[in-house]
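**Student:** Predicted coordinates and the sequence they were generated for:
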Amino acid sequence: MRNHRMLFGLTGVLLLLAVFALIPGLGSAQETVPPSTAGAAGAPSEAPQAPPPPPKVDTGDTAWVLTSSALVLAMTAPGLVLFYGGMVRRKNALGTMMHSFIILCLISVQWVLYGYSMAFGPDKGHIVGGLEWVGLHGVGLDPNTDYGATVPHQAFMIFQLMFAVITPALIVGAFAERIKFSAFLVFTLLWATFIYDPLAHWVWGVGGWLRNLGALDFAGGTVVHISSGVSGLACALYLGKRLGYGREVMAPHNIPLTLTGASLLWFGWFGFNAGSAVASGALATSAFVVTNTATAAAALAWMFAEWGYRGKPTVLGAASGAVAGLVAITPASGFVGPMSSIIIGIGAGVFCYFAAVVLKGKLGYDDSLDAFGVHGIGGTWGAIATGLFASKAINPGGNDGLFFGNPAQMIPQLVAVAASWILALVGTFIILKVVDIIMGLRVTEDEERVGLDLSQHNENGYVL
Amino acid sequence: MRNHRMLFGLTGVLLLLAVFALIPGLGSAQETVPPSTAGAAGAPSEAPQAPPPPPKVDTGDTAWVLTSSALVLAMTAPGLVLFYGGMVRRKNALGTMMHSFIILCLISVQWVLYGYSMAFGPDKGHIVGGLEWVGLHGVGLDPNTDYGATVPHQAFMIFQLMFAVITPALIVGAFAERIKFSAFLVFTLLWATFIYDPLAHWVWGVGGWLRNLGALDFAGGTVVHISSGVSGLACALYLGKRLGYGREVMAPHNIPLTLTGASLLWFGWFGFNAGSAVASGALATSAFVVTNTATAAAALAWMFAEWGYRGKPTVLGAASGAVAGLVAITPASGFVGPMSSIIIGIGAGVFCYFAAVVLKGKLGYDDSLDAFGVHGIGGTWGAIATGLFASKAINPGGNDGLFFGNPAQMIPQLVAVAASWILALVGTFIILKVVDIIMGLRVTEDEERVGLDLSQHNENGYVL
Amino acid sequence: MRNHRMLFGLTGVLLLLAVFALIPGLGSAQETVPPSTAGAAGAPSEAPQAPPPPPKVDTGDTAWVLTSSALVLAMTAPGLVLFYGGMVRRKNALGTMMHSFIILCLISVQWVLYGYSMAFGPDKGHIVGGLEWVGLHGVGLDPNTDYGATVPHQAFMIFQLMFAVITPALIVGAFAERIKFSAFLVFTLLWATFIYDPLAHWVWGVGGWLRNLGALDFAGGTVVHISSGVSGLACALYLGKRLGYGREVMAPHNIPLTLTGASLLWFGWFGFNAGSAVASGALATSAFVVTNTATAAAALAWMFAEWGYRGKPTVLGAASGAVAGLVAITPASGFVGPMSSIIIGIGAGVFCYFAAVVLKGKLGYDDSLDAFGVHGIGGTWGAIATGLFASKAINPGGNDGLFFGNPAQMIPQLVAVAASWILALVGTFIILKVVDIIMGLRVTEDEERVGLDLSQHNENGYVL
Amino acid sequence: MKKIEAIIKPFKLDEVKEALSEIGIQGMTVSEVKGFGRQKGHKETYRGAEYAIEFVPKIKIEVVVSNALADRAIQAIVSKAKTGTIGDGKIFVTDLSQAVRIRTGESGDSAL
Amino acid sequence: MKKIEAIIKPFKLDEVKEALSEIGIQGMTVSEVKGFGRQKGHKETYRGAEYAIEFVPKIKIEVVVSNALADRAIQAIVSKAKTGTIGDGKIFVTDLSQAVRIRTGESGDSAL
Amino acid sequence: MKKIEAIIKPFKLDEVKEALSEIGIQGMTVSEVKGFGRQKGHKETYRGAEYAIEFVPKIKIEVVVSNALADRAIQAIVSKAKTGTIGDGKIFVTDLSQAVRIRTGESGDSAL
Ligand SMILES: Nc1ncnc2c1ncn2[C@@H]1O[C@H](COP(=O)(O)OP(=O)(O)O)[C@@H](O)[C@H]1O
Ligand SMILES: Nc1ncnc2c1ncn2[C@@H]1O[C@H](COP(=O)(O)OP(=O)(O)O)[C@@H](O)[C@H]1O
Ligand SMILES: Nc1ncnc2c1ncn2[C@@H]1O[C@H](COP(=O)(O)OP(=O)(O)O)[C@@H](O)[C@H]1O
């Protein structure tokens, strides 16, 4: 037992240290990459004939991307920390908050060490990025024209890091209140490596097959929300229900924290969506506006749906609706106008409400905090809605959608949705199985009853 | 009863959907407005002789305006959510938090649909904007030179949206702990439409009569604070006291949340005031500096006033003083220097302290969380102080005030104050009366006793 | 007794008002300083031969510096307010939160009145800035080329203000739960004036002796963290232990608040470190990236150290580790690359863990919330690590460190560390002694038992 | 001596306390409890999960009085705590064999 | 009448409540308490300070019943609250001299 | 058997608990209560509204002991909980008619 713990302590520290050996030259990340080289290495097919004008860092664009990175960090911590943390029972408050917080720490290191390279590094067979950028080797302070022509390459890297962080943190809602902390850590690392990093490459990496197919996903409907939500479904199914589910009262222990978390998610999501323009200006502004509008509409829609269906508008409902709206507008945010965003938002509120309230009840799985109901369903709706409402009038770099005269756009959208679902569902099941065999995924009954805070962390959240 | 609820559910969804029919062309907001057209339509009197150089979006200015918009959002949620939410009794925590949160949702949609057009659209008789910009028709991604020559028009729009959101949310403090949720929703929508939108046009809209008169209000002393504070007074008077007011202990249930809220208000207010420069640079910096200085001085002043007067400095007092300072510096923030801001801050702390503590006690109305004491009094003092301390040395686009050799500036200031008071007081009374007749404003005694959380939302804030 | 209180009320208000008399011309801050003058007055030795091109404000740089200033404000309030506030016992929650909050107010005024002038004003004997800039006289809206060639001088001033605020607020952790509020106020004012302001001048002010010596401290390892942490040690030693220390359970009353605070510290620290570039672009990006990386590594390191050493990973441990990482990377953040930052972070997590857990236990002082363990030790490690890992490849304006071929850099680093330790230790003891003699530093036993909230502020934090 | 325990509606506490003071009772001990009885609780809904909360918040007052005062105390409580609606609560009386004031060591009626 | 106080494990409350309802008991009063006994508590660690928390969360049920029902009530509680592991709790019974229903003024068994 | 209820100052709990353990008492039940008595409460001020809070936080210890141990238990509590200042609290003793250990079904003194 004590050995077991020791093992973890050691493994962790060793892992971190060991990686240094693998990295081609400590501190070499600082060597700025000449843009032409970057272009040549990263995306030969798009290399221009004549030497391009050397990309120059724009202070305004960089300010916006850095600000956006900070905002997206705030989505995970304290955003998700509070949103999810407030929704569990008191005895699991710290354990659940810790999930989001430690993912931020774990993936921040993983991404710098090899995650970014696997996702955005030089393409290998349209499936994954190569390890050339391991340890940020060659990821310097000059712009990489493929990913952001006017900001330092590292600015794009850190912005993307925040996405890599929040995605596994969203899954947390599905297995809340019953997962073993050590198993959770291993699961997260494997999931980030084998599901998130490749999927991000498929959709956003130069050479990724879904990107090549023309699938539109501005800020991560497939990569972030379908992947996390559907993986959440897999987790809920695999782990089974919480003790007492359906019999005991499992009311949230602190809705003010949850509402605060939802508000911070909204706040930070401006960075998520508008920052995905990787520049300040018109496109960022448009994404900002539709993000706000869809979110508001979705919160109202969930609230009114609930009011009509169950008789009372709830605060948790309004907060959940807002998050559903944020999810659904994400893939569309760089391609649609404000009026479209209202419809997307209303759809998100209504669909996710019925998913979380009716569907879950019918199908009987215990998705503790509705990771699937909100992110899986909301992300799927958003990816499809992008195919419906996208318009070149908003973003000439995008495409028109079905309602703007281009039904063909639905094909890559649906392919992207299907591919993400399959990867998430199958991949997550395999990872869960492996981790379960090695170390066991779920806490014991006694530990579950006493709560994660005491059983996993020897701590008590409140002395009030 | 059940029908009643259904009605609300349906009306809400229908309202949202119905509006689409009225909008000239779904998605048309994306059509960028050529600047010359915008100039011609919006402000013919200011149209230049020669064609102006086409306005260009500046990345730094846009980054700042978007950042500021996000900051102002954070003022409402989670800022006001926590500030007000922590101050009520536990049984009303969620209900009160919901007020601010759902206003964010409601007005976000209202503003995009027609609010922005009524406030900033083409002037009609100096009183209100026309409906030409309904559904953001013609509000595109090129700059509108009237409102921000270097940022997309939609960036200005979304920044202003956040103001339209927070203003009714400030009123919430006056009727906390006793309003019916459905009536509150209707009241808010009417108030935004018939009071906020026109008043914003008067003061900030091209062609608005107070703007033409030369009233200085940089970031909303009249439009935001007098209007909300005085309307709060009307609400407190109309609704009457809470059950047990003056007899029962009505201590705040969670001052840490309130202090957190006050801190977030401070944080977000940098966007509110410095963002009102609608550009990054000297003016934004100056507004930022005086905002911080006045706030700090006001918090100290309130604390010392209380310490001297009542014997102990309180935490709630310091937080309240900070908010009072933020309120008072708001109209002045683009026109005054740091030393003036200290005086404005001290005045705010002292005046609002006496308003909330002495005046309220004397006059006997129950302004639950001092919406009037802080915003009404603070806003009035700020608007007057702007006339006293404004200086062209700070902002050549402004004017000098009384202490800088221009006593005439006091006239438009006092007219603006009076006009805002009258509109807010009379308008709010009428709206309250109408809503009261239609559906009743106040919860029943039993509901009030059990609290808004359970009676309005079937929810319980905490299980600790 | 009553007189005593009155005295404070009056003194406070009078102090604020009195200062106006001393200031050369109310509102004169608005007079913009021609850059050549600033150069001549501030740093004659660096004055160029030919007149420099007039510095121009860059919108992107200014947007980033203003955003950073807001972020650093959020570190103090609500960041530290929550981080420290959650860690004390319930009865001291408000009192502890008030410490951070009121420091924000107090120093915001002090800095504008004379603090900035003492720290950054024209050098006097390499020891302190002169009073020429009292009341921001001559600190205008044009850039000061010494401190930020592309942002308004006031933008640099307000950014630095946030540093002057948070530094004394960090000390709070050392004397938490037992200091008298009035004495605390006086202590803070004296400490800011006689320790922070000169030390900031030594390290960052043009002409400061440590700056001249070539000590590297990008964002405040010595000025902010060693100074506050070591002063905290002095406070803990001088004040003695809390009643019941070692016998009674002194568990944190609200770890969710503490974790939220830690998250907000992380969020705001991007402004702290990346903002210290006083510009947007490559250097800011690099600082941003290493800040995130070191923090994450440190949180993991603390957690794994604890897991191995004590058997369980704790949530408070992960949060503490993150803060330790933020502290340690601070001085290095503008000079080192991502791989180095991982090592700095791991060192921070491990060293601070042992300082807070083992060292403190051994030596037996009661540093209530580990101000010394985290900031003193973390800051010292960071200042040394800067000398080890600095690289001109990252920042050509910096220097190479020991591991990059320049062992000589260790000398100024060690001198700076020693100087900061001595100033903080000796200076703080003297100030504590003086304040103790004048008014007594510690609350009575009864007051300590009943808690600061009731005894100092007549308030109760929660009614749950 | 008698120990009187009264379970009452929370918002009645102040009135009851005053009534007891008026008849000369100098001390009492109060705690927050949850009651289950004829008064029905309320419904709560969270993301569609509906819970019937059967326990209702109540205040328990414990007051020890001399035998002489017991009936007047019970009367005082009944008269003030009564609203006439279900859930007004109960009064339970037990005999006490001893009472001690810790500060002085006094016992019996003079300990109260 | 008898007053039965039962100290039980918190997660057993619902079962016990139902068992009591089934035998016809219509009311009870519940409070959160902390127990000290043979069952050992847990350890908490905060920044290296380790605390042994000896008090364990328990639920106290107070139910007043007619003498006739007392034994069945005790049986019901024992059978439902028992897990067989240390810390299952205790039942304490005292005689009650009087009971009053505040709403109606009824007293004795009919007050319950 | 006797049931001893002691209302004490919260910071005295640990000492009292240890004293009781020392005389061989193996279990007790503790709850947070609010006391009203000679000890005056405190004042709170929120935005100028001043409230006199008359209730003082107290800890209630309930411990059931065999008749033999009762006096020593009372002595132990008095000696440890006493500070000599107003508000030290009270001890109330009632006779218990029955005690049951839920885990085993034991009753009487052996249930304790
Ligand atoms: N038999 C009982 N034993 C202990 N407490 C009881 C009993 N019956 C009722 N109570 C308490 O009295 C409260 C009020 O009882 P209830 O049946 O709801 O209404 P009423 O007092 O009007 O009969 C309950 O909430 C519960 O706390
Ligand atoms: N003598 C006692 N007086 C009052 N309460 C007691 C006494 N002994 C035990 N208890 C209560 O019963 C609970 C369970 O007792 P414990 O000794 O842990 O286990 P068991 O009930 O299995 O003997 C304790 O937590 C405490 O609340
Ligand atoms: N008659 C009473 N019945 C129940 N509890 C009482 C009674 N009198 C006092 N108490 C409790 O004892 C506590 C201390 O009593 P108090 O009169 O303040 O001081 P002292 O114990 O020194 O006489 C009170 O706070 C209250 O909880």
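**Tutor:** Done, it's in. Numbering: from 1, shown residues only, chains lettered A, B, ... in the order given. Ligands and ions are numbered 1, 2, ... in the order given.

**Student:** Tell me the residues on chain D that lie near chain F, please.
**Tutor:** D:3, D:17, D:26-31, D:62, D:64, D:94-103, D:105, D:111-112 (Cβ under 8 Å from any Cβ of the partner chain). C-beta here means a position set from N, CA and C on the backbone, and glycine is covered the same way.

**Student:** Give me the PyMOL select line for the residues you listed, limited to the buried ones.
**Tutor:** Buried residues within the residues of chain D next to chain F, by 16 or more other Cβ atoms under 10 Å in any protein chain shown, are selected in PyMOL with:
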select buried, chain D and resi 3+17+27+28+29+30+31+62+64+94+95+96+98+99+100+101+102+103+111+112
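
**Student:** and stretch D:34-44, which residues are buried?
**Tutor:** Here stretch D:34-44 shows D:Lys34, D:Gly35, D:Phe36, D:Gly37, D:Gln39, D:Gly41, D:Glu44 as buried, counting by 16+ other Cβ under 10 Å.

**Student:** Now do the contacts for the nearest residue to the third one once chain neighbours are set aside.
**Tutor:** Closest residue to D:Phe36 in three dimensions, ignoring its sequence neighbours and counting by Cβ to Cβ, 6 or more residues apart in numbering or on different chains: E:Met28, at 5.1 Å. E:Met28 makes contacts with D:Gly35, D:Phe36, D:Gly37, E:Lys17, E:Leu20, E:Ile61, E:Glu62, E:Val63, as judged by Cβ atoms under 8 Å, 6 or more residues apart in numbering or on different chains.

**Student:** Contacts for stretch D:67-74, please.
**Tutor:** Stretch D:67-74 is contacted from outside by D:1-2, D:4, D:20, D:23-25, D:63, D:65, D:91, D:93, E:98, E:100, using Cβ under 8 Å, 6+ apart.

**Student:** Can you mark which positions in that stretch are buried?
**Tutor:** Quick answer for stretch D:67-74 (16+ other Cβ under 10 Å): D:Leu69, D:Ala70, D:Arg72, D:Ala73, D:Ile74.

**Student:** now, among those, which is nearest to ligand 1?
**Tutor:** D:Ile74 (14.6 Å; Cβ to the nearest ligand atom).

**Student:** so which residue of the stretch 351-464 of chain A comes closest to ligand 2?
**Tutor:** Proximity of the stretch 351-464 of chain A to ligand 2 (Cβ to the nearest ligand atom) peaks at A:Val450, 14.9 Å away.

**Student:** Relative to C:Leu432, how far out is the residue lying closest to that residue once chain neighbours are set aside?
**Tutor:** Leaving aside its chain neighbours, A:Val450 sits nearest to A:Lys91 (6.9 Å; criterion: Cβ to Cβ, 6+ apart). Computed as Cβ to Cβ, to the nearest Å, the A:Lys91 to C:Leu432 distance reads 42 Å.

**Student:** Could you find the closest non-adjacent residue to A:Gln456?
**Tutor:** The spatially closest residue to A:Gln456, leaving aside those adjacent along the chain, is A:Phe181, at 4.3 Å (Cβ to Cβ, 6+ apart).

**Student:** residue contacts, that neighbour?
**Tutor:** A:Phe181 neighbours (Cβ under 8 Å, 6+ apart): A:Gly95, A:Met98, A:Leu452, A:Gln456, A:His457, C:Pro313.

**Student:** Could you measure from it over to A:Ala328?
**Tutor:** 32 Å.

**Student:** Need the per-residue pLDDT for A:Ile430.
**Tutor:** We have a pLDDT of 98 for A:Ile430.

**Student:** Measure how far stretch A:70-80 is from the centre of its chain, please.
**Tutor:** 11 Å (Cα atoms, centre = their mean, to the nearest Å).

**Student:** so how far does that stretch reach from one end to the other?
**Tutor:** 14 Å (Cα to Cα, to the nearest Å).

**Student:** How about stretch D:6-16?
**Tutor:** End-to-end distance for stretch D:6-16, by Cα to Cα: 10 Å.

**Student:** Just the buried positions in that stretch, please.
**Tutor:** Neighbour-count burial for stretch D:6-16 [16+ other Cβ under 10 Å]: D:Ala6, D:Ile7, D:Ile8, D:Lys9, D:Lys12, D:Leu13, D:Glu15, D:Val16.

**Student:** And stretch A:362-374, by the same measure?
**Tutor:** Within stretch A:362-374, judged by 16+ other Cβ under 10 Å, the buried ones are A:Tyr365, A:Asp366, A:Asp367, A:Ser368, A:Leu369, A:Asp370, A:Ala371, A:Phe372, A:Gly373, A:Val374.

**Student:** touching chain B at all, that stretch?
**Tutor:** No. Shown here: stretch A:362-374 not in contact with chain B (Cβ under 8 Å from any Cβ), separated by at least 15.4 Å.

**Student:** What parts of chain A come near chain D?
**Tutor:** A:249-252, A:310, A:312, A:314, A:316-317, A:320, A:356-358, A:360-361, A:370.

**Student:** Mark which of those are buried, thanks.
**Tutor:** A:250-252, A:310, A:312, A:314, A:316-317, A:320, A:356-357, A:360, A:370.

**Student:** Cool, thanks, signing off.
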